[in-house]
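In: just a sequence and a predicted model for now, questions to come.
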Amino acid sequence: MLAAAMRPTALILLLAAAMPLRAAEPGRPMTAAEFDAATVGRTLYYNSGGLAYGAEQYLPGRRVVWAFLGDDCRKGEWYEEDGFICFVYEDTPEPQCWTFFVAQGGLTARFRDDPLGLPLVAVEESPEPMACLGPNLGV
């Protein structure tokens, strides 16, 4: 009798554990002006799920340089579209759109096409340019 009464609770706990983690959003999304003010002239280093993910250098004129961890740098630019901050890179013409928030752990971003996925969190900031591998050395 006791085992039968515990089954629904165990099932609920099992289902909850299987669901993707999604932290509560830290507030309203940043506007393009707020995003530009928070990033221009800086290089931000992002983690996802506690693991190093990549870095992006934010230049004047909404230009950027992005690199996944250990990969070549890619030049690009960003723009605002329907409340998202969208990036287009020289080797990827499809826009990559994100919602950015200011959070206690740093600037946080959620990908538009995967709102339940792990966010990117800016865990380190530097005024120095990125150290680029490959064809964009010294960017």
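Out: Thanks, I have it. Everything numeric here is computed off the predicted structure, so don't read it as measured data.

In: hey, which strand is longest across the chain?
Out: Of all the segments of type strand in the chain, defined by DSSP state E, the longest one is strand 92-103.

In: other SSEs contacting that one?
Out: The helices and strands touching strand 92-103, judged by 3 or more C-beta pairs under 8 Å, 6 or more residues apart in numbering; DSSP states H and E, are helix 32-39, strand 74-81, strand 84-89, strand 106-111. Using the backbone N, CA and C atoms, a C-beta is placed for each residue, glycine as well.

In: could the ones you listed be laid out in TSV, adding distance to A122, mean neighbour count and mean pLDDT?
Out: Formatted as TSV, those follow (distance: least, C-beta to C-beta, whole Å; neighbours: other C-beta atoms under 10 Å; pLDDT from 0 to 100):
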stretch	distance to A122	mean neighbour count	mean pLDDT
helix 32-39	9	16	96
strand 74-81	15	17	97
strand 84-89	13	19	97
strand 106-111	4	20	91
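
In: just for this structure, where's the confidence low?
Out: 1-26, 105, 134-139 (pLDDT under 70).

In: try it again at 80.
Out: Scanning the chain for pLDDT under 80 picks out 1-27, 104-106, 115, 133-139.

In: so what sits opposite A67 in the bridge?
Out: Bridge pairing for A67 (DSSP bridges) gives the partners A55.
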